[in-house]
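just the structure for this:
(chains A and B, ligands or ions: 2)
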Amino acid sequence: MGENIVGKSVRRPDLVEKVTGAAEYCVDVTMPGMAHAKVVRSDRAHARITGIDVEAALASPGVVAVVTAEDIASLHARFGHIITDHWILAPDKVRYYGEPVAVVVAETVAAAADAVELVLVSYEDLPAVMDVEAALADGAPLVHEQSYEATGDESFKNLSHVEEGDGAEEVLSNIAHEVTVGWGDVDAAFAESAVVVENTVYFPMLYAYAMEPYNAVASYAEGALTVVSTAQHPYMVRDDLARVFDLPLSRVRVTSPYLGGGYGSKSYTKVEPLASVASWVTGRPVKLTLTVEEAIYTTRVDSAKVWVKSGFAADGTLLAREFDLVMDSGAYADNSPLVMAKAVNRCFGPYRVPNLRAKGLSVYTNTSPASSYRGFGAPQGNLAGETNLDRAAEQLGISGADIRRRNLVRKGEEILPGKRGIDADIPADLEMVVESLERDRKDVPYYGIGFGCSASDAGAYPISTAQVRIQIDGSVLVLSGSTEMGQGSRSLLAQVAAEELGVDLAVVKVVQSDTSVTPYERTTGASRTTTLVGLALQRACADARSRLRDMAAELFECSADAVRDLPGAVAGPDGRELDFGSVVRQWFGGSAGEVTGVGLLRRDGATQKMPPFWEVGMVGVAVEIDPETGVVAVDQLVTVADVGFAINPRAVEGQDLGAATQGLGSALHEELVYDGPQLANANVVDYRVPRVKDLPRKIDLMIAERRDGVGPYGAKGAGEGTLNPIGGAVASAVARAVGRWPDRLPLTPERVWRLMNSD
Amino acid sequence: MTESVSEPVATSGPPRMPVTVDVNGVSVSRQVEPRSMLVDFLREDLGLTGTKVSCELQVCGVCTVLVDGRPVSSCTFLTADADGAAVTTVEGLSDGQTLHPLQESFVDNFALQCGFCTPGFLMMSKALLDGDEVPDREAIVEHLEGNICRCTGYEPIVEAVEHVAQELRGGAHG
Ligand code: FES
Ligand code: FES
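Numbers count the residues shown, from 1 in each chain, chains lettered A, B, ... in the order given. Ligands and ions are numbered 1, 2, ... in the order given. Purely as a prediction, here's the structure:
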């Protein structure tokens, strides 16, 4: 369609800053007069705090203050964007090993670390619930003895199926959240089914391991708070902080510089309140940087047990599905209610399911709090749904490809009633995967292939704003509240602006994520930036162009309608041309001034129907297993990015390989393991993530471009899709290689060996 | 060009010891705590924040710098042990005008996303390419096994290093 700059794998300008070491990450940011904080953490899973003795710590060299819950009692000392249940510092009891109990502020990190050892916390142990079975048992000890007000988060209400309460007295339990979705007559359909298959799977407790651990530097002074942090969603963090200190939003400034990885794990509020209250108490800017171990205890991924049952006609047509998902959400809700809402929406897959019943339970336990991770509940449910489908295929005597061919929805069909129809050709994507996998299939023993399909209601809630500022030299500033965490939005937004305005990419500069400077953006997540910020930015460019035409009309002394757009310029009716810079300069009448274009996006028009788009996950894997050791080698990894239009194809491929690699990590290696009150492997030695030698032998990253998204040029988001179905694909491939079905991930060598050698 | 920067001896706080290190061609003398790690010396004392820290356990490779040409994990390397040595960090890779071929190749091959692991990969790769043998793919994979990247899935990193190795090979033979 004649685009010049989008659709090309342009070099990402931000990468140049990053290879020289010049790029500034949050961890590199300092403030004048800054003190350093270290956190005193609970060494119990569940215990009443009977006393905190800070004397010795305060006397330690270089210590400025020791902050405890008592010091911040006058604040609203809790946060949480759905339920404000998360105490900044444990006030009366601790709910998990690793929970912050106090913050030591000192002149140096080392002095703070030394003094942490000197804070004496006395406890009275309480019975703990370390897993969901214990938490749901009759008479189980309560993690929270009170319920908390919901924040009324709009996106949450819109995206989940929460029934409004009838005002009846709530019975306290360890259930943090419950979701159901369904339609049709499931029981009747099961009764009619030729084949019914049911199974249970266990999805491991994961850690996203963004390599830059959570950190923040905060300064509270003169009734205003300034925070620089590793926040994916600086605006949401601003909301939480404003509530804590009862400040107007305009007096809280949150900035996110480059992030050293996010993958959803830096969504929502993490260490910002700790650094902020430390600054509020001491009157000094305070920096807090977590270690990896502390980061693991700050946010992990919900583990899940998922029971699934599906009924099929004799030809493999799905008649009904039923899911029961239970997730271990840890001691605080954080984003787990939304993760569960999404898991329920995403578990049954992009298939025609005439009868459905899905129920999800998010459970409080005395473990570290779980929250968002790339895929948002999709990987957990998908593992169940897809392996169930492959088990059915085996029983029905058809291939994994055929059972999907029979049931995949076509373009435009709804998989959730009333929601946007599927905006992708998923069957065509499947054929791309099948073709690539079969082409290189090996005929060797212990070899198996598996497919995985998913569709995620992506994009979150469509509220986005963007601005472009046209400078007197014709260069362009793009402002967005969307955070660059590696995914490439800084480069992508520059491409869109350059395309829309017809200017050289080199004169466009993108500024992101400073709540006092850049325009509002709800979140950076759910693969939304390309689609939603992209649309807002297109509108901002159109607005800037319209202003420039008006100004040029004054200069040309003609009507605005008579002014035509040219790349980087306008033309008058008499053929006179003026570049953007000249229009601005001449209109203001000096070598000064600028023109700002504003783009606003809400739930309206093209983005009225929810979700804004469907993110398709389409993968195939081939594995080869060493029968002696149980080691699973990935022979092939094949992915399709169904992105509508790839604004930067290499960047899209990068997202897909990155997501797939994380998926392979959870499929084959990664799992946090609780041993008593604490994690046995809260470090990167024992929590093994993929390394370079784990690279699949063949990698085929394909892109399907059918311009079927609502975003700019028909684009849709990417970045999560490929992760979601990897676990199921690997589990099915392993099952085909060894002839037995695994019921849990990760498929470590030991697990695979036992699977092969059990009776 | 060598310049010498000294600081007065600290008068309070924990005991300190003098070190002199050549950092990216500049000789630097400082008083450091005996427990000071090289990465903290670089990042905090010298403000060279290009080198990053993650695992602090010598398993992720993010903090890799070259000490006398040898790659070390600066998170567990005592500053005192670098006394008298030459340290090269990511800031020392380019001359400020043109990028080092590895830096160019990493950008061209999309071998980074968030970039947090990148300084470590660059320094590790430089150590390999500075060796006598021009490495093949297998040698590159072997050599980079100690560096974690959570974003890219590694393939583009291997490709980026392979490209530079091929150029070196081309240069050597033609
Ligand atoms: S931070 Fe030094 S090896 Fe990980
Ligand atoms: S680029 Fe993010 S960890 Fe490697």
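
from here on, contacts and neighbour counts on C-alpha atoms
Noted.

minimum distance to ligand 2, which residue of the stretch 451-600 of chain A gives it?
Minimum separation of the stretch 451-600 of chain A from ligand 2 (Cα to the nearest ligand atom) falls at residue A:486, amounting to 6.3 Å.

so what's that residue up against?
By Cα atoms under 8 Å, 6 or more residues apart in numbering or on different chains, the contact list for residue A:486 reads A:258-261, B:112-115, B:151.

how many other residues sit next to whichever residue of chain B sits closest to chain A?
Chain A sits closest to residue B:114 of chain B, with a gap of 3.4 Å, by Cα to the nearest Cα. Using other Cα atoms under 10 Å in any protein chain shown, the number of residues around residue B:114 comes to 27.

same check, this time on residue A:70
The local packing of residue A:70 (other Cα under 10 Å) involves 12 other residues.

mind checking the SS state of the residue of chain B found nearest ligand 1?
When Cα to the nearest ligand atom is the measure, chain B has its nearest residue to ligand 1 at residue B:58, with 3.3 Å between them. For residue B:58, the assignment made with DSSP: H, G, I helix; E, B strand; the rest coil gives coil.

now residue A:306
Under three-state DSSP, the three-state class of residue A:306 is strand.

could you export stretch A:54-71 as PDB, CA atoms only?
The C-alpha trace of stretch A:54-71 is given here as PDB (Å, rounded to 0.1, in the frame of the first residue of the first chain):
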ATOM      1  CA  VAL A  54      15.700  -1.000  65.900                       C
ATOM      2  CA  GLU A  55      18.100   0.300  68.600                       C
ATOM      3  CA  ALA A  56      21.200  -1.500  67.400                       C
ATOM      4  CA  ALA A  57      20.500  -0.800  63.800                       C
ATOM      5  CA  LEU A  58      20.000   2.900  64.400                       C
ATOM      6  CA  ALA A  59      23.400   3.000  66.200                       C
ATOM      7  CA  SER A  60      25.100   1.300  63.400                       C
ATOM      8  CA  PRO A  61      27.500   3.600  61.400                       C
ATOM      9  CA  GLY A  62      25.900   5.500  58.600                       C
ATOM     10  CA  VAL A  63      22.300   4.600  59.400                       C
ATOM     11  CA  VAL A  64      19.800   7.400  58.800                       C
ATOM     12  CA  ALA A  65      16.600   5.700  59.900                       C
ATOM     13  CA  VAL A  66      14.700   2.500  60.300                       C
ATOM     14  CA  VAL A  67      11.200   2.700  59.000                       C
ATOM     15  CA  THR A  68       8.500   0.300  60.300                       C
ATOM     16  CA  ALA A  69       4.800   0.100  59.800                       C
ATOM     17  CA  GLU A  70       4.300   2.300  62.900                       C
ATOM     18  CA  ASP A  71       6.100   5.200  61.200                       C
END
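
still on that earlier bit, what's the most distant pair in the contacts of residue A:486?
A:258 and B:151 (13.9 Å; Cα to Cα).

buried residues in stretch A:56-75, which are they?
Judged by neighbour count (16 or more other Cα atoms under 10 Å in any protein chain shown), stretch A:56-75 contains these buried residues: A:57-58, A:60-69, A:72.

residue nearest the centroid of the chain?
This is for chain A. Nearest residue to the geometric centre of chain A (Cα atoms, centre = their mean): residue A:264, 2.8 Å.

I was thinking of chain B, sorry if that wasn't clear
With distances taken as Cα atoms, centre = their mean, residue B:65 lies nearest the centre of chain B, 2.6 Å away.

JSON lines for the contacts of residue A:486, including pLDDT?
Compiled in JSON lines, the contacts of residue A:486 are given as follows (pLDDT from 0 to 100):
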{"residue": "A:258", "pLDDT": "97"}
{"residue": "A:259", "pLDDT": "97"}
{"residue": "A:260", "pLDDT": "98"}
{"residue": "A:261", "pLDDT": "97"}
{"residue": "B:112", "pLDDT": "98"}
{"residue": "B:113", "pLDDT": "98"}
{"residue": "B:114", "pLDDT": "98"}
{"residue": "B:115", "pLDDT": "98"}
{"residue": "B:151", "pLDDT": "98"}
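
of the buried residues of stretch A:56-75, closest to residue B:94?
Closest approach between these and residue B:94, by Cα to Cα: residue A:62, at 38.5 Å.

wouldn't that closest one be in contact with residue A:111 here?
Yes - assessed by Cα atoms under 8 Å, residue A:62 is found in contact with residue A:111 at 5.9 Å.

about what we covered before: for the residue nearest to the centre of chain A, give its distance to residue A:483.
Look at residue A:264 and residue A:483: by Cα to Cα, to the nearest Å, they are 12 Å apart.

swap in residue A:574?
In this view, residue A:574 and residue A:483 are 44 Å apart by Cα to Cα.

now do residue A:36
Distance of residue A:36 to residue A:483, given as Cα to Cα: 25 Å.

and whichever residue of the stretch 151-300 of chain A sits closest to chain B, what does it touch?
Residue of the stretch 151-300 of chain A nearest chain B, by Cα to the nearest Cα: residue A:260 (5.0 Å). Residues in contact with residue A:260 (Cα under 8 Å, 6+ apart) are A:25, A:210-213, A:485-486, B:114-116.

appreciated, that's everything.
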